[in-house]
Each structure stands twice: as structure tokens, then as C-alpha cells.
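**Q** Next comes the sequence, and after it the predicted model I'd like to discuss.
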Amino acid sequence: MEAIAFKPSAPLTIGVELELQLVNTRDCDLTRAASDMLALIEKKPHPGEIKPEITESMIEISTGIHTHHDALLAELCEIRKTLVAAADQLNVRVAGGGAHPFQHWSDRRIFDRPRFKHVSQLYGYLAKQFTVFGQHIHVGCPDGDDALYLLHSFARYLPQFIALSASSPYYQGVDTAFDSSRLNAVFAFPLSGRAPFALKWSEFTAYFERMSVSGIVESMKDFYWDVRPKPEFGTIEIRVCDTPLTVERAAALAGYAQAICRWLLVERPGKVTEDNYLAYTYNRFQACRFGLEGEVVDPVGGVRRTIAEDVAATLQAISVHARELDCEAPLQLLGRIARDGNDARWMRDAFADAGSLPDLVWQQAERFRAG
Amino acid sequence: MPELFFLPSWPPAVQALPWYALLLLAAAIAGELVRRWLHLPRLFGWIAAGILLGPQAGGIVSEAMLEDMRGILDVAIGVVLFQLGQRVDFGWLRRNPWLLATSVLEAGLAFAAMFAVLLLIEVPPLLAALAAAIGIATGPAVVLSLTRELRAQGQVTERMLLLTSLNCVYAFVVVHVLLAWLHQEYSNEWLSAIWHPLYLIFGSLFLALVFALATLVLLALLGRRAEAQYIAVFALVVTAVYAAAALKLSGVLVLLGYGVMARAFDAKRRFASFTFGRLGQILLVLLFAITAATLDLDLVPLGAVAGAVLVAARYLGKAVGVFALAPASGLSMRKASLLALSLMPMSGVALILVNDMSMLFPGLGSALASVVVSAIVLLEVLGAAAAYFALVRAGEAEESAKA
């Protein structure tokens, strides 16, 4: 196994991947439609990339590389238009949300591709239970060392991203009490969690080589870390977000990540040490369980506050960079979400109102379509 | 009083035996055998059990017993049609109008093809038209049962269910438009020629509407308790079957319409995950077994040629209709060919229509039956096999359900 080279990319460029739910129009359960959708979409030219995922009821969309939020959002809207048009023809609905509220994992069917079949064999029921839907945000880095610096200093802000995007309160037909139950499914995998602490790309390469020589991993794809470097793209990939209910929110989260990264790279506030991770799992649990009302502890700064307050403070700190990047409007949207409640809150309200989980999924699909 | 009064007389009074229970048992066992040994869907076993136990094959179930089971059969068909109706999504037809066009075209072409070839082999025009109209309908029980057992999902499955429910309605409407012609031919009463079809079509739709609204009101009162929902809806469906018969309306149209409307007016999707569960399954087994036992195999030699010609023309018409609009409606040619195959089954609704017509016009009945029933017999196994093949080849059947 040769050393993995970090392919430099334009710093602070962003790109987004979204895993989306395909549900039927009858009872809004997940349905087997990915191949039919892809067959229909592939015939026509469309922006971005639309790919199958591990089960037939999931589809993944990804954008190109963007320097600004507005262009990213415009591309996401175009992709949404393509998807919704195809779904309408096939009587399928596309919905956001981190998990399907009432699907049964044993009903899921694995998409017919060697890698997916392999994962399914290796992980058994975990692979099917892993029918959860996330957003991945890529941020471009000039080199491997900067990527690792960003990766570790960004860890401090992950709870905000978890809480702002949380949209999986229901799972297997019950209210889990979590705002993001999806991440609990991710934690079951042996190579999930955080990346090992290394600030030099050479150190990281050495770690990866030890792991691959010992046969634990074959590629970076085998790591299910919350943030992981993606050397072939020259990015760090933030993987903690549930797929939000709208592409507007997905784009806003990407803009927020971009602005935080610019702040971290330009101002280099604080020193990055292993101590950053002291409260890592505690904070992450708080974010998953309580969402924006969760409490985070900053062991280095000695601060303790709710995630909503933490979002407000961070927005304040990065305001100059938001202006530089032209992403003030989307960050205002996130500020409103922090104050008024996330998608998980909206979903609980919608369910209380309608009294039926199929109807909740229907409304999720309506929101995805309308934006 | 004799000393051994508590022993039964010999032979025991067998007329008291619930024959449907024995038929059910035999069908269930045959279904399991077929699934385990032949790796085929259970319905082939249910059909085989019905034919072997039925009067035609000299089995233990006699014509009179079948007559006694008539009520169960009607309810079973009613439940199937109701469930099929629930699968119809008007929204889809609006969003993809090419589907409606496909449906009209496949039904129209199938009718035209069947009518033309029957005329060619010198079947009288009225009879040919009636047989062709009946042939429009795909067998609803077969498509529903296969979808369930294979847990099939995907475009072939969804379109097969949609096209089936629509073509059952078309078959019904065309047959009853022909009723006007029949009335003139046989009774020469122009009043019934006009009013009878109108009464049947609009009366049935109105009754369906009444039941659909009653169901939704009842469900709102009962809340979301699945158990209560299912019992209440079953009771209503049975009532609808008998109400249709009492009012001399069409059970087919009432139950299909009931299912469609119950879904269409359920704005909050309270009714979305409703199923008849195990009870539905039991009725389905009985439906296949009783229908198979009823099939009059003696008619086959009489109408074999006409039947075979009808089957071929029907498939051709449906296939051309489905193919012609496949690209426009967003279906690959491969899946279109499978969809055409999946529309082949012909049973339940066709048999009902034959019976209805024979009852109204006994003179016509036997001639019509010989043509249509031989087609039904030919397709009883062939049609189900074609639909099974289509769903599996389309990759829409659940791996674990394929046996």
C-alpha cells in the first residue's frame, strides 16, 4: 500500500453530498425506487451527480466544487428540480430527514453493487439498520497539514452542526427522545468516532499505513469518522449532519462550515491539542439527545452553555469572515433555527398535529419540494 | 332411548361439515408444498387444490357445496377489489398523464384486437364484442396476491396494479355500454337499454362514495388503533358487498370505487397503512381455491380455439399499448416488456362479468362462457406465471420472498 498523497485543492471551496429518502405515495414507507429513478434521470443532462447508495430506497446527490454559498444553493435547487420531476413520473416522493420515522430495517434491500454487497455481508444487520440519511460537507484545504489542523480544530464545533441539522427524532416507529437518532446508528460501527490526533500529514499517513498493513482497513472509506480527511479530493469531510428537510438548510450549513474554516485558517484562534477532545463524546451526546437545548462544555476555554448560545457566539465571532464569503443571509437563517428550533422540533410538532407518521413523512416530502 | 345414543349414526351427517374449511386446509398445504418444492408463489398451489378438489376433476367438493360458498367468494372478491382500489393514486395520473393514456391505449387495443380476431373466426359480432370487453380486465386477485407474497415494489409492480384497477373499470363500463345493445337485441325495450347501464354505473359509484365517507368518519371516531380500524373496515366491506347485491348494482364497481375513494378523500393519511392482514390472506386463499374449483373445464374443448385466439390477441393489444407510450411515461423498454407480461392474468372480474351476463341473458350465456371461460382456464396458470416471471425479472421481488 503506497503512502496516500493529499491532493491540494483551492482552500475554502465547498461541496455537499446529501443522502435522500425515496418513499412511496401510499403509506410513505421507504420504497425500492433508486434504480428506476436513476434509469430515468441518466437519460437527461442534469447538474451535479446523482448516485445509488447502499439500499434501493436511498439516493445520493452531490454538487460540484463551489467558492460561494449562492452558487452551491443554485446547483442544489437544480438537482432538486431534476429529482422531483423524475419522482413525479414514477409516483415516488423524495424527502429529507436523517432517518425514516417508521421503516423496518429488515425490509430494506441492498443495492446490487459489489461494494454494497460486501459491506452488507461484513456488517450484517448493521448495514441494513444503517439506512440513515446524512449530509456530508467538503471543505477544500491547500495541503495535508492544514487539513489536519482544520479537522481537529473543527471538532469543537461539531455539536452545533449536529443540533442545527438534527432531523431524526423518530426511528422504527417510535419517538427516540433524541433529536438525532441517526448518529446512534453510526456509532455502532467499529471505526466510527473521531480521527486519531495527528497534526502532520506524514504522521497521519504513518497511522493509516499501520492500520492497512494490519489489515484493519483497505481505504479511507472504511473509516466512519465524524470528520475525515479526503486526500483524493483535497478536502476534509464533515459527516455528522442529518440530511436537513430542505436543500436551503443544507446549503446554509455548508456556508457556515466554510465561514468557520476561514476564521480558523486566517485567525488561528486557540491552540489545537488532544485536550480539545476531553469533552468530545459528552458534547456530542448532548447535541444528539437534546439538540439545540443540549449543553456543551469547552474544556479548554472552561465555558459551559447551551448549543443555541454557542451557535450565537460563534456566529458573532465569524461575522467578518461571513461578510468576506457573502454568506450572511444563510447564517442568519441558521441563527433563526438556533433560536426557534431545528427540523427535529418541526417534525415533533407536525406529528403532534397530524397524529400519523405517514402524514409526517408526506409533509417532509412537501417541504423538500417547496424548499 | 337406545343405550348408545351419544354415538353418531353411520355414516355421519356430512352435510354439516364446513367444506370451505377443508378446501382452505388443502389449499394452504398445497401452497406450502409449491413454495417449498417448486419455489413458486403459493397461489399455484391454491389453484391446483381448487381444481383437484372441485367437481370437474371428480373431487369431493360438489357443485352444490360451491353454491353454498358463494357468499364467501363474493366477500373475498370484494376485499381484493377494495384493496386494489386503495392502490390507485389519482395524483399520479395527474402528474404523469401518459399513464392514463397508456391505460386507455392498452385497454382499447386489447379490445380491438380481441374483437377483430373473434370476428375473423366467425364469432357473432355481439358475442365477440362482449368477450372482448370482458377480456380487457386483468385478474386483480393474481396481481395483488403476487405483489404481497413477493413484497414487490417498483415501476412494474406499481404500474401493473394501477393499470389493472383501471382496466377492470373499463371492462365493466364497456360491458355495460354493450348492455344497451343487448337489451335491444333481446328484449327490444329502449327504456332499459338506456337506464340500466346508467343505473349500474352511477348507482355503483354513488354507493361507493357513501361507504367511503362512512369509513373515513368511522376511522376518525375510532382513532388510530389498528385493531379497531381493521375490524370496522372489514365489516363495512362485507356490508358493501351485500348492499351492492341487494340494490342490484355492480359489486365490482362499488368495491373498487370504495377503495379508490377511501384513499382519495383521506386527506390526513390516517388510513394509509391499512391492511387486512391475516384475514385478507385467508380470503385470498379461498378466493383462488373456490374460483379454480368453479372453472367449468368441460367448456374448454368447445371454445379452445376461440379462447386461445382471444388470449393471443389480448396479450398483443396490451403489449403494443404499453410499449407505445413507455418512453413518454418514463419506463424503460425492458420494464415495459415485463409490464405487458404482468397484465396477462385473467380471472375474477372476467368470471363475474360472464356470470352477470349469463344471468341477464341466459340464451347468450353458454356461448359467451365457452369462449371466455376457456381463455380464463388457459390463463389461470399461464397468466399468473407470466406475472410472476415479470416481477422477478424486473428485480422488484424481495430476495427472501422469492423462496
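**A** That came in fine, so what should we check first?

**Q** Quick one: name the residues of the stretch 1-150 of chain B near chain A.
**A** For the stretch 1-150 of chain B, the contact set with chain A under C-beta under 8 Å from any C-beta of the partner chain comprises B:Q86, B:R87, B:D89, B:G91, B:W92, B:R95, B:N96. Glycine gets a C-beta too; all of them are placed from N, C-alpha and C.

**Q** A:D88 is in contact with the last one, correct?
**A** Yep, that's B:N96 we're talking about. Yes: under the contact definition of C-beta atoms under 8 Å, B:N96 touches A:D88, with a separation of 6.6 Å.

**Q** Check which helices and strands the helix or strand where A:T205 lies sits against.
**A** Counting by DSSP states H and E, the secondary-structure element that holds A:T205 is helix A:201-213. Using 3 or more C-beta pairs under 8 Å, 6 or more residues apart in numbering or on different chains; DSSP states H and E as the contact test, the elements touching helix A:201-213 are helix A:144-154.

**Q** now the angle from the helix it packs on to helix A:201-213?
**A** Helix A:144-154 and helix A:201-213 meet at an angle of 80 degrees, taking axes from the mean of the first three to the mean of the last three C-alpha atoms, to 10 degrees as the criterion.

**Q** Which helix or strand contains the closest residue in space to B:F389 that isn't next to it in sequence?
**A** Once its chain neighbours are removed from consideration, B:F389 has its nearest residue in B:L341; the separation is 6.4 Å (C-beta to C-beta, 6 or more residues apart in numbering or on different chains). Using DSSP H and E, B:L341 falls within helix B:333-342.

**Q** What mean pLDDT does that helix get?
**A** Across helix B:333-342, the average pLDDT comes to 94.

**Q** Tell me the buried residues in that helix?
**A** B:K335, B:A336, B:S337, B:L338, B:L339, B:A340, B:L341, B:S342 (16 or more other C-beta atoms under 10 Å in any protein chain shown).

**Q** After that helix, which helix or strand is next?
**A** Past helix B:333-342, further along toward the C-terminus, the next helix or strand under DSSP H and E is helix B:348-360.

**Q** Could you check how far that following helix is from the centre of its chain?
**A** A distance of 12 Å separates the centroid of the chain from that of helix B:348-360, by C-alpha atoms, centre = their mean, to the nearest Å.

**Q** Quick check: buried residues in that helix?
**A** In helix B:348-360, the ones that count as buried by 16+ other C-beta under 10 Å are B:G348, B:V349, B:A350, B:L351, B:I352, B:L353, B:V354, B:D356, B:M357, B:S358.

**Q** same check, this time on stretch B:64-71
**A** B:M65, B:L66, B:M69.

**Q** likewise stretch A:298-309?
**A** A:D298, A:P299, A:T306, A:I307, A:A308.

**Q** Just give the closest residue to the second one, not the sequence neighbours.
**A** Nearest residue to A:P299 in three dimensions, chain neighbours excluded: A:L278, at 4.1 Å (C-beta to C-beta, 6+ apart).

**Q** before we move on, the earlier item: residues in contact with the helix holding B:L341?
**A** Residues lying outside helix B:333-342 but in contact with it, judged by C-beta atoms under 8 Å, 6 or more residues apart in numbering or on different chains, are A:36, B:143, B:155-156, B:159-160, B:163, B:315, B:318-319, B:322-323, B:326-327, B:331, B:386-387, B:389-391, B:393-394.

**Q** related to what we said a few turns ago, take the buried residues of helix B:348-360 and lay them out in CSV including pLDDT and distance to chain A.
**A** Written out in CSV, the entries for the buried residues of helix B:348-360 read as follows (pLDDT from 0 to 100; distance: C-beta to the nearest C-beta, whole Å):
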residue, pLDDT, distance to chain A
B:G348, 78, 22
B:V349, 82, 22
B:A350, 84, 26
B:L351, 83, 28
B:I352, 83, 26
B:L353, 84, 28
B:V354, 83, 32
B:D356, 80, 31
B:M357, 81, 34
B:S358, 80, 36
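
**Q** need those residues in CSV with distance to B:M261, can you?
**A** Formatted as CSV, the entries for the buried residues of helix B:348-360 read as follows, by distance: C-beta to C-beta, whole Å:
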residue, distance to B:M261
B:G348, 21
B:V349, 19
B:A350, 24
B:L351, 25
B:I352, 20
B:L353, 22
B:V354, 27
B:D356, 23
B:M357, 27
B:S358, 30
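
**Q** Return the residues of the stretch 251-371 of chain A in contact with chain B.
**A** Going by C-beta under 8 Å from any C-beta, the residues of the stretch 251-371 of chain A near chain B are A:A354, A:G355, A:S356, A:P358, A:D359, A:W362.

**Q** Restricted to helices, list those.
**A** The subset of those located in helices under the criterion DSSP state H comprises A:A354, A:P358, A:D359, A:W362.

**Q** Please verify my assumption that the second one contacts B:R269.
**A** Read it as A:P358. Yes: here A:P358 lies in contact with B:R269, judged by C-beta under 8 Å, at a distance of 4.7 Å.

**Q** quick one: low-confidence ranges for chain A?
**A** A:1-3, A:105-112, A:128 (pLDDT under 70).

**Q** residue nearest the centroid of it?
**A** Nearest to the mean C-alpha position of chain A, counting by C-alpha atoms, centre = their mean, stands A:Q135 at 2.6 Å.

**Q** So that one belongs to a strand, correct?
**A** Yes: assessed by DSSP: H, G, I helix; E, B strand; the rest coil, A:Q135 belongs to a strand.

**Q** Bridge partners for it, pull those for me.
**A** For A:Q135, the residues forming beta bridges with it (DSSP bridges) are A:L18, A:C241.

**Q** so how far does stretch A:59-75 reach from one end to the other?
**A** With C-alpha to C-alpha, to the nearest Å as the measure, the ends of stretch A:59-75 fall 17 Å from one another.

**Q** how about the helices of the stretch 151-300 of chain A, start to end?
**A** Chain-ordered helices for the stretch 151-300 of chain A, with DSSP state H, counting those that start in this stretch as the definition, fall at A:158-165, A:182-187, A:201-213, A:247-267, A:280-290.

**Q** got these as TSV, with mean neighbour count columns?
**A** Conversion of these to TSV gives the following (neighbours: other C-beta atoms under 10 Å in any protein chain shown):
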stretch	mean neighbour count
helix A:158-165	28
helix A:182-187	21
helix A:201-213	15
helix A:247-267	23
helix A:280-290	20
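
**Q** okay, these in TSV with distance to A:Y149 next?
**A** Shown next, in TSV, are these (distance: least, C-beta to C-beta, whole Å):
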stretch	distance to A:Y149
helix A:158-165	16
helix A:182-187	24
helix A:201-213	10
helix A:247-267	8
helix A:280-290	17
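
**Q** Do I have it right that B:M160 meets B:V143?
**A** Yes: in this structure, B:M160 is within contact of B:V143 by C-beta under 8 Å, at 5.4 Å.

**Q** Touching both of the two, which residues are there?
**A** Shared contacts of B:M160 and B:V143, defined by C-beta under 8 Å, 6+ apart, are found at B:S342, B:A387.

**Q** More neighbours: these two, which one.
**A** B:M160 (31 against 28; other C-beta atoms under 10 Å in any protein chain shown).

**Q** Look at stretch A:233-250 and report the distance between its end residues.
**A** Looking at stretch A:233-250, the gap from its leading to its trailing residue is 20 Å under the measure C-alpha to C-alpha.

**Q** So for it, what gets flagged as buried?
**A** A:233-250.

**Q** How confident was the prediction at B:T147?
**A** Reading off the per-residue confidence, B:T147 sits at a pLDDT of 92.

**Q** What are the contacting residues of stretch B:145-154?
**A** By C-beta under 8 Å, 6+ apart, the list of residues contacting stretch B:145-154 from outside reads A:24, A:31-33, A:35-36, A:107, B:41-43, B:157, B:160-161, B:281, B:284, B:288, B:384, B:387-388, B:391-392, B:394-398, B:401-402.
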